[in-house]
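1. Here's my sequence, what's the structure:
(chains A and B)
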Amino acid sequence: MADAINEKQSEIKAINKIAFSQRLKEYKRKPLSLVMYLIVVLAAALSIFALVFLIVYILVMGVPHLTPDLFAWEYNSDNVSCMPAIINTIIITLLTLLIAVPFGIGAAIYLAEYAKRGNKLVKVIRTMAETLSGIPSIVYGLFGMLCFVTAFQWGYSVLAGAFTLSIMVLPTIMRTTEEALIAVPDSYREGSYGLGAGKLRTIVKTILPSAVPGILAGVILAIGRIVGETAALIYTAGSTTGLVDGVMSSGRTLAIHMYMLANEGLHTDQAWGTAVVLLVLVLGINTLSSFIAKKLSSKK
Amino acid sequence: MDKFTIKDMNLYYGKFHALKGVNLNMPKNQITAFIGPSGCGKSTLLKSLNRMNDLVEGCKITGDIRLDGEDIYGNIDINILRKRVGMVFQKANPFPMSVYDNIAYGPRTHGIKSKAKLDEIVESSLKDAAIWDELKDRLKKSALGLSGGQQQRLCIARALAVKPEVLLMDEATSALDPISTGKIEELCLKLKNQYTIIMVTHNMQQALRIADNTAFFLLGKMIEYGNTDQIFSNPREKETEEYITGRFG
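-> Residues are numbered from 1 along each chain as shown, chains lettered A, B, ... in the order given. Have a look, this model is predicted:
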């Protein structure tokens, strides 16, 4: 009896599975959909190809030059080590985030939670933030040089660089945080107010925790921009080769280091090696941040 | 004893006159139900009782609403008012935290820090909401993983955890299956000994089953208010009769 049923089972042909020949016939009836299909497949393939080609090319050109010398503590004209630049990059990134994240999140909380909907000021701030995020970074560099380096007399310094970068990434952090806050369902707010919680408690205990993944996504974007930035830094943080010894000293980040090496034309091989380091660094930061975001959101 | 007294209350959303001259007294330790077609203002009235309408922009209220004789739109602490008048919403809205933290949210808000005390409140609230047996082994699990009916009873437990005097229920069973609805109705009947319950419902059978008093609303006006049995068996107004016999709405 059971065998009979099994036999029948295998005879059944699933009607929800479409054979390739059937699909072909379908396309014959509607040739336009075949054209559409081919176009989107081509677009996807080309995009992926460009990305893979870029990464493979950098790896092929750079990996052979990843010698221990490249990671020596000391930079000198014989050995253009990128170690000081790696550390400088980390310092500038942290300093920039330290300045930009509190302001960005604070501004976003004001826009999303405190400002009245349809408030004119909110619209102005939003438009300005969008405009700011579209400005070429060399303009930020020029501003940073005139304002922080010259007018404030900070000179070429990590501090001037970090402030310039903060202004540059502030709109990104603000906008993504605001989006994340707006995406938190109103029912959470109602629930919290309904239990007698005030505004502060509702925001800190309910809304911000739910928005953390979105906020972190904005911070990751900002880190990507900071690590990859050259134009805004070259006239603010300068391009001194050594390790920085305080916020008022000048220092080059990895991206500037690479730019200088390629520009001088004497150490092109090391420039490729630095490119690999930069690539790995950005990849590492992204992986770490998304791991943290996942940890934070699954904890709830 | 009347818990809530509403006198000559009018409510406007901008230019829209949403509630027109409402007069209503709701007795203590009884269930009062608001019925009426969609958009008649019954949820709006409910939300005025714990001032959730304050969050709606352009909402203007006139008249007099008193809780135990105290003017709730006068000089009082809104957070304390919302602690005294708890609310359960149409769609279950547990916070994205563990079951335990959901229940403890309210008590923590009002300053209870001791772990032992919180444990006790969580247990007694879940027991009051008749969901302790189902959840006692998953207190540390996320509340978002519960079924719809469990989530709604969790929200009731969460509201009870701050020891309110009044429980407002805004169509709290409309998104639930008949079994979950039955459980919540049973719960209401049990809870009314300790709390005053005011509920909005689209389900007239529900009002008939559990409410002591029923108010019928139409287009922002309270048409009729009285003992539930009288409203359903012998309505005074023609509109009430037409609504409950299903001729419109």
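
2. can you give me the helices for the stretch 151-300 of chain A?
-> Per DSSP state H, counting those that start in this stretch, the stretch 151-300 of chain A has helices spanning A:158-182, A:186-194, A:199-201, A:208-228, A:231-234, A:254-264, A:268-299. These are given in chain order.

3. Write out the residues of the stretch 101-250 of chain A neighbouring chain B.
-> The stretch 101-250 of chain A comes close to chain B at residues A:116-117, A:185, A:187-198, A:201, A:205-206, A:209-210, as judged by C-beta under 8 Å from any C-beta of the partner chain. Yep, even glycine has a C-beta here, placed from its N, CA and C like the rest.

4. mean pLDDT for the helices of the stretch 151-300 of chain A: which is lowest?
-> Within those, confidence is poorest for helix A:268-299, with a mean of 83 (mean pLDDT).

5. how about that helix: buried residues?
-> Buried residues in helix A:268-299, counting neighbours by 16 or more other C-beta atoms under 10 Å in any protein chain shown, are found at A:269-278, A:281-282, A:285, A:289, A:293.

6. quick one, what contacts the closest residue to residue B:79 other than its chain neighbours?
-> If you skip the residues right next to it in sequence, residue B:79 has residue A:196 as its closest partner in space, 4.4 Å away by C-beta to C-beta, 6 or more residues apart in numbering or on different chains. By C-beta atoms under 8 Å, 6 or more residues apart in numbering or on different chains, the contact list for residue A:196 reads B:79-83, B:106, B:109-110, B:162.

7. can you pull the pLDDT of residue 68?
-> With no chain named, the answer covers chain A. pLDDT, residue A:68: 86.

8. Wait, chain B was what I had in mind.
-> Taking residue B:68 on its own, its pLDDT is 91.

9. and the gap between it and chain A?
-> For residue B:68, the distance to chain A equals 17 Å [C-beta to the nearest C-beta, to the nearest Å].

10. burial measure for that residue, as a count.
-> For residue B:68, the neighbour count with other C-beta atoms under 10 Å in any protein chain shown is 14.

11. my read: it touches residue B:3, true?
-> Yes: under the criterion of C-beta atoms under 8 Å, residue B:68 makes contact with residue B:3 at 6.7 Å.

12. shared neighbours, the two?
-> Overlap between the contact sets of residue B:68 and residue B:3, as judged by C-beta under 8 Å, 6+ apart, is given by residue B:165.

13. The most centrally placed residue in chain A: what's it in contact with?
-> Most central in chain A under C-alpha atoms, centre = their mean is residue A:221, positioned 2.1 Å from the mean C-alpha point. The contact partners of residue A:221, taken as C-beta under 8 Å, 6+ apart, are A:169, A:172, A:176.

14. cool, and residue B:28?
-> By C-beta under 8 Å, 6+ apart, the contact list for residue B:28 reads B:1-3, B:196.

15. now do residue A:249
-> If a contact means C-beta under 8 Å, 6+ apart, then residue A:249 has A:157-158, A:240 as its contacts.

16. Out of these, who's the most crowded?
-> If you rank the contacts of residue A:249 by neighbour count (other C-beta under 10 Å), residue A:158 sits at the top with 26 neighbours.

17. you'd agree residue B:66 is in a strand?
-> Yes: with DSSP: H, G, I helix; E, B strand; the rest coil as the criterion, residue B:66 is assigned to a strand.

18. So which residues on chain B come close to chain A?
-> Of all the residues in chain B, those in contact range of chain A (C-beta under 8 Å from any C-beta) are B:50, B:52, B:55, B:57, B:79-83, B:86-87, B:89, B:91, B:93-98, B:105-106, B:109-110, B:142, B:144, B:155, B:158-159, B:162.

19. just the buried members of these?
-> When those are checked against 16+ other C-beta under 10 Å, the ones flagged as buried are B:50, B:52, B:79, B:81-83, B:86-87, B:89, B:91, B:93-98, B:105-106, B:109, B:142, B:155, B:158-159, B:162.

20. Go through those and flag which are in helices.
-> In helices, defined here by DSSP state H, the members of these are B:79, B:81-83, B:105-106, B:109, B:155, B:158-159.

21. My understanding was that residue B:142 contacts residue B:98; is that so?
-> Yes: contact criterion C-beta under 8 Å: residue B:142 and residue B:98 qualify, at 6.1 Å.

22. Give me the most central residue, chain B.
-> Here the mean C-alpha position of chain B is nearest to the C-alpha of residue B:168 (C-alpha atoms, centre = their mean), at a distance of 1.6 Å.

23. Would you agree it is in contact with residue B:87?
-> Yes: using C-beta under 8 Å, residue B:168 is in contact with residue B:87, at 4.5 Å.

24. what residues do the two have in common as contacts?
-> Both residue B:168 and residue B:87 are contacted by residue B:50, under the criterion C-beta under 8 Å, 6+ apart.

25. got the phi/psi numbers for residue B:40?
-> phi -90, psi -10 (degrees, to the nearest 10).

26. swap in residue B:73?
-> According to degrees, to the nearest 10, the main-chain angles of residue B:73 amount to phi -100, psi 10.

27. confidence score at it?
-> Predicted confidence (pLDDT) at residue B:73: the value is 91.

28. My guess is it contacts residue B:50. True?
-> No: between residue B:73 and residue B:50 there is no contact under C-beta under 8 Å: 11.5 Å.

29. Quick check: next helix or strand after the helix or strand containing residue A:24?
-> When elements are assigned from DSSP states H and E, residue A:24 belongs to helix A:20-29. Using DSSP H and E, the helix or strand that follows helix A:20-29 towards the C-terminus is helix A:31-62.

30. Now do the buried residues in that next one.
-> Neighbour counts over helix A:31-62 (16+ other C-beta under 10 Å) mark A:58-59, A:61-62 as buried.

31. which two from those residues end up farthest apart in space?
-> Comparing every pair within these by C-beta to C-beta identifies A:59 and A:61 as the most remote, at 7.5 Å.

32. so for stretch B:95-105, what's the average pLDDT?
-> 93.

33. Pull up the gap between residue A:228 and chain B, please.
-> 34 Å.

34. That residue is in contact with residue A:255, isn't it?
-> Yes: A contact is recorded between residue A:228 and residue A:255 when judged using C-beta under 8 Å, the distance being 5.5 Å.

35. ok, those two, which is more surrounded?
-> When neighbours are counted by other C-beta under 10 Å, residue A:228 and residue A:255 differ, and residue A:255 comes out ahead with 22 against 14.

36. which ones are touching the nearest residue to the more buried one once chain neighbours are set aside?
-> Closest residue to residue A:255 in three dimensions, ignoring its sequence neighbours and counting by C-beta to C-beta, 6+ apart: residue A:230, at 4.8 Å. For residue A:230, the residues meeting the contact criterion (C-beta under 8 Å, 6+ apart) are A:137, A:253, A:255-256, A:259.
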